[in-house]
Structures are given as structure tokens and as C-alpha cells.
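# just the structure for this:
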Amino acid sequence: MKIAVNTRLLLKDKLEGIGWFTHESLRRIVQQHPEHQFYFLFDRPYDEQFVYASNVTPVVAHPPARHPYLWYLFFECGIPARLRSIRPDLFLSTDGWMPLHLRNTKSVNVIHDLNFAHHRDFIKPVVLRYYDRFFPRFAQVADRLATVSEYTRNDIHDTYGVPLDRIDVVYNGCNDHFRPFTAEEQQAVRDRYARGCRYFLFVGLIHKRKNLANIFRAFDDFKSRENSDAKLLVVGDKKWWQGEIEDTYEAMRFRDEVVMLGRQPMEVLSALYASACALVYASLFEGFGIPIVEAFNAETAVITSDVTSMPEVAGDAALLVDPAAVAQISDAMSALWKDDALRADLIAKGRARRELFSWQQTADRLWSCIEKVL
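All right, here's what the predicted structure looks like:
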């Protein structure tokens with residue numbers, strides 16, 4: 001059987017959330033199913049690390065999909081041209097985008113979230129117009145959909161009218177790099193990145209949706225109330241730094257206690273998780289929230305939001321806060337800073353909770369979704 005896959009987000013050293021989903025699930029699927037031939041469709045020169053086995057044929061389609069107009073050309077011209085020569089039995093897209101006219105080809109589409117439908121001010125107008133026009137059609141044209149949480153499954157059903165029995169939940173997993181550190185290892189990390197002090201950690205793209213402005217406000221409030229040398233370490237690309245986030249940072253009383261680390265490689269990121277007092281992940285909207293599971297695997301306590309998919313992922317293994325309530329975020333920081341028993345309890349619950357989320361389970365569930373179509 002021939003399976004063609006949209007792999008445009010498999011970018012060397014630039015894997016983000018959906019890129020990691022694509023990498024971890026496809027790597028397992030192709031290796032576990034050598035009886036099938038997979039055609040990976042890239043939009044630019046690819047790296048050999050993403051050719052996971054001998055049953056993978058890499059194909060470059062044009063043009064590079066880097067702008068709404070180019071997205072349209074890539075999915076409506078570039079990919080269909082390649083599919084006509086491949087003649088696959090199934091087309092799989094792991095990032096929500098789809099060709100709208102697939103002749104005699106079954107399809108599975110993975111839609112990770114619909115944040116743009118609910119927080120429209122987070123999206124540039126030209127991008128929003130593209131999403132509004134095409135994503136309802138992407139959801140309808142696929143023979144079957146997969147998504148990463150029950151929250152998003154219901155959101156797709158409510159927003160686009162896709163029947164629930166056409167949508168499978170596959171969840172996300174966690175990279176094997178994330179593990180607990182010894183006390184000595186943790187102190188070495190603090191010495192290197194936090195001036196020897198304990199710290200709270202934020203991980204994520206620096207974007208309005210991630211609610212970093214309120215996390216800054218909460219940290220300022222926490223520091224004002226507690227006699228603490230705590231630091232706040234921020235890991236993430238500053239692509240959307242300007243505006244409210246930058247203004248809030250510049251106005252902070254304890255700005256010098258914030259350490260901006262930018263994007264970090266996996267080995268550094270795993271060390272930062274494992275040595276933190278707590279992860280502060282008070283996002284406004286998530287289709288899943290991979291950092292929550294990464295913290296569970298690093299055995300670090302978690303503060304996260306009580307909205308969208310985050311309570312579903314966190315269960316009882318995190319302190320849930322209203323992301324709009326600065327005082328709640330600050331109080332959660334204080335609680336975990338002062339109460340070792342509470343931290344230990346959450347970490348123990350996180351150990352149990354993390355068993356629900358692995359990339360092997362993701363791959364198995366995604367393959368099951370494919371089999372339903374075929």
C-alpha cells in the first residue's frame with residue numbers, strides 16, 4: 001500500500017509542537033509497517049534524518065509553503081501534482097492543511113486545535129482570512145480526522161459540524177530526553193542558568209496566546225509578597241515579543257530576576273525542566289499542552305490553566321488557575337515555593353499521569369485511525 005504524507009514541518013533543528021508530533025509518530029509508524037511504502041512530501045530540501053527507513057521515499061513539492069498565498073499553491077498545485085505521479089492509496093496530513101481535491105484518494109487529517117477561531121486577535125489578518133476560508137473545508141474534505149484531545153474533538157464538532165464518530169483522539173507524547181535529575185545535577189543547572197537559585201520555568205513560543213504578560217505580573221506579585229531569591233526562567237523564541245509582553249516586562253519591579261534564555265536545544269531544555277521548582281504554563285488556549293507532560297516526565301510540579309484542554313491533560317497532577325487571574329497564578333507560585341509536601345504530591349501524581357501519554361501510543365492510535373479509513 002502507498003501512503004503519501006504532508007511532512008512540510010519536519011525541519012532540522014526547528015521542530016515545534018506539530019513538528020514533534022509528525023516526527024515521533026511517523027518514525028514509529030514507518031518502522032512498524034515495513035510492508036507499506038511511504039512518500040514524504042516536503043516543501044523544501046529535506047534532512048536525511050527524517051528518512052526513517054528504507055520504505056520512505058522523500059519527495060519535494062513546490063513552492064515552499066511559507067505564506068498564505070504559498071500555502072494555497074503548495075496544497076492546491078504542488079502536492080496534487082506529486083500525488084498524480086505517486087497514485088497513493090491514502091494521503092495523511094499531520095498539520096491540519098489539506099488539498100481540497102483528492103481524486104480517488106482516501107485521506108486522514110490531523111487538526112491540533114482551533115485557537116484562531118476563538119482568539120482572533122492572536123492571528124495576523126492575512127493569515128486569519130486564510131484560516132477562515134480553508135480550515136472548515138480541510139475539516140470536511142478528509143475521510144477521517146484525528147486530534148490531540150477530547151476538548152479539541154468536541155471543538156471541531158461544535159465549530160465545523162464534523163460528526164464525533166469521524167474524529168479520533170490520538171493525544172501527544174513526550175520526548176525521551178525528559179527525566180528527573182539528582183539533587184547534585186539540579187544544583188549544577190541552577191548554578192549555570194539561575195545564579196545558583198531555585199526558579200520557576202516558562203517554556204513556549206513567546207506569543208500573546210501563551211499569556212506570558214500575566215505570568216510576568218504574577219511573578220512580580222509573588223516576589224513582592226515572599227522573601228525569596230527565586231528566579232523566573234523563560235525559554236522560547238521571542239518572535240512575538242513586541243507589544244504587551246515587552247511592555248509588561250519593561251514595567252516589572254523584579255525584571256532583573258527574570259532570565260530570558262531564548263530557544264534552547266533539547267538537552268538543555270530537559271535539564272531546565274528537571275531542576276525547576278515548578279513549570280508555570282498558564283496559557284490562554286491549548287489544543288493539548290505538551291510542556292505539561294514534559295514536566296511530568298521530568299518530575300517537576302506544574303501550574304497550568306483551567307481552560308481548554310489543559311485540565312484534561314493535567315488531571316489532578318497540577319495546580320489549575322484562571323489564566324486571566326494574576327493573583328491565582330501568584331498564589332500557586334507561593335504555594336509550591338513554600339510547601340514541599342504539596343510539590344511532592346503533585347510530582348507523584350504526575351508520575352502516574354504521564355503513563356497516559358507516550359509517542360508510541362500516539363503512533364498506535366494514529367495508525368488505527370488510518371486503518372479505519374482503509
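# contacts, neighbours, all on C-alpha from now
Will do.
# OK, contacts around residue 235?
Neighbour list for residue 235: 201, 202, 203, 204, 205, 260, 261, 262, 263, 264 [criterion: CA atoms under 8 Å, 6 or more residues apart in numbering].
# repeat for residue 48
Residues near residue 48 by CA under 8 Å, 6+ apart: none.
# check residue 96 too.
Here residue 96 is in contact with 109, 110, 111, 112, 135, 138, 139 (CA under 8 Å, 6+ apart).
# among the residues you listed, which ones are in strands?
Judged by DSSP state E, these include 109, 110 as members of strands.
# residue 155 falls within a helix, correct?
Yes: under DSSP: H, G, I helix; E, B strand; the rest coil, residue 155 falls within a helix.
# count of neighbours near it?
Here the count is done by other CA atoms under 10 Å, and residue 155 has 19 residues near it.
# if you skip the residues just before and after it, what's nearest to it?
Excluding its sequence neighbours, the residue lying closest to residue 155 (CA to CA, 6 or more residues apart in numbering) is residue 114, at 7.4 Å.
# now do the strands in the stretch 51-200 of the chain.
56-60, 90-93, 106-110, 144-147, 167-169, 199-203 (DSSP state E, counting those that start in this stretch).
# which among the contacts of residue 235 count as buried?
Buried subset of these (neighbour count, 16 or more other CA atoms under 10 Å): 201, 202, 203, 204, 205, 263.
# contacting residues around the closest residue to the fourth one other than its chain neighbours?
For residue 204, the nearest residue in space outside its immediate sequence neighbours is residue 236; the separation is 5.1 Å by CA to CA, 6+ apart. For residue 236, the set of contacting residues under the criterion of CA under 8 Å, 6+ apart consists of 203, 204, 205, 206, 261, 262, 263, 264.
# residue 187: what's it in contact with?
Contacts of residue 187 (CA under 8 Å, 6+ apart): 196, 275.
# I misspoke; the intended subject was residue 51.
Listed by CA under 8 Å, 6+ apart, the contact partners of residue 51 are 57, 58.
# gap between it and residue 366?
19 Å (CA to CA, to the nearest Å).
# for residue 98, same thing?
Using CA to CA, residue 98 is found at 17 Å from residue 366.
# the more surrounded of these two?
Comparing residue 98 with residue 366 by other CA under 10 Å, the one with more neighbours is residue 98, at 29 against 24.
# please name the nearest non-neighbouring residue to the more buried one.
Closest to residue 98 by CA to CA, 6+ apart is residue 138, at 5.5 Å.
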